[in-house]
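Q: Next comes the sequence, and after it the predicted model I'd like to discuss.
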Amino acid sequence: MKITELVEYLETVTTLPVFPLAFPAAEGQYPEAMVVQFLSSYTKSKAGTQKVNIQMIVRSNHPEPAEEYALQLAKHFDMRTNFNVGKTHVIFCDLRTPFPLFVGRDNAEHYRYSVTMNFLVDKTEL
């Protein structure tokens, strides 16, 4: 799974602009947006499957919409099975937190909420 494939998939799930790895550098641009990144963590391959850790960070000028966007993403992925992200088949999605977590404010005073999850993927497609 490539990060660009994950961005393309997320663009079908949310109305927010989605960016890989980091928010745009220009302050004030895209006040409501999200970033997606892979988190490093080694897990052994078992029976042709592999776990992929993913973090989505949503931001907004006010905590309520930021948290709501993050909650919508969590609901979309919670216990989701049998879907494709690009060429990668996702067998199962497991949320790592029961609800979006507030992770602070950035330099432009945007509120940020994080959703972290594991995708169990078919390793034969990697």
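A: Received the coordinates, thanks. Numbers count the residues shown, from 1 in each chain.

Q: hey, where'd the strands end up in the protein?
A: For the chain, strands defined by DSSP state E occupy the ranges 18-20, 33-39, 49-60, 81-85, 88-95, 101-105, 111-122.

Q: List the contacts of the longest helix belonging to the chain.
A: As assigned by DSSP state H, the longest helix anywhere in the chain is helix 63-77. If you take Cβ atoms under 8 Å, 6 or more residues apart in numbering as the criterion, helix 63-77 is touched by 10, 13-14, 16, 32, 34, 56, 58-60, 93, 95, 99-100, 102, 110-115, 117. The way it works is simple: take the backbone N, C-alpha and C, and place the C-beta from them, glycine included.

Q: repeat for stretch 12-30
A: Applying Cβ under 8 Å, 6+ apart, the contact partners of stretch 12-30 are 3-4, 6-7, 10-11, 32-37, 58-59, 69, 72-73, 76, 106-108.

Q: Same check on stretch 96-103?
A: Here stretch 96-103 makes contact (Cβ under 8 Å, 6+ apart) with 53, 57-58, 63, 67, 70-71, 73-74, 111-118.

Q: same deal with stretch 32-43?
A: Applying Cβ under 8 Å, 6+ apart, the external contacts of stretch 32-43 come out as 3, 6-7, 10, 14, 16-24, 50-61, 65-66, 69, 73, 116.
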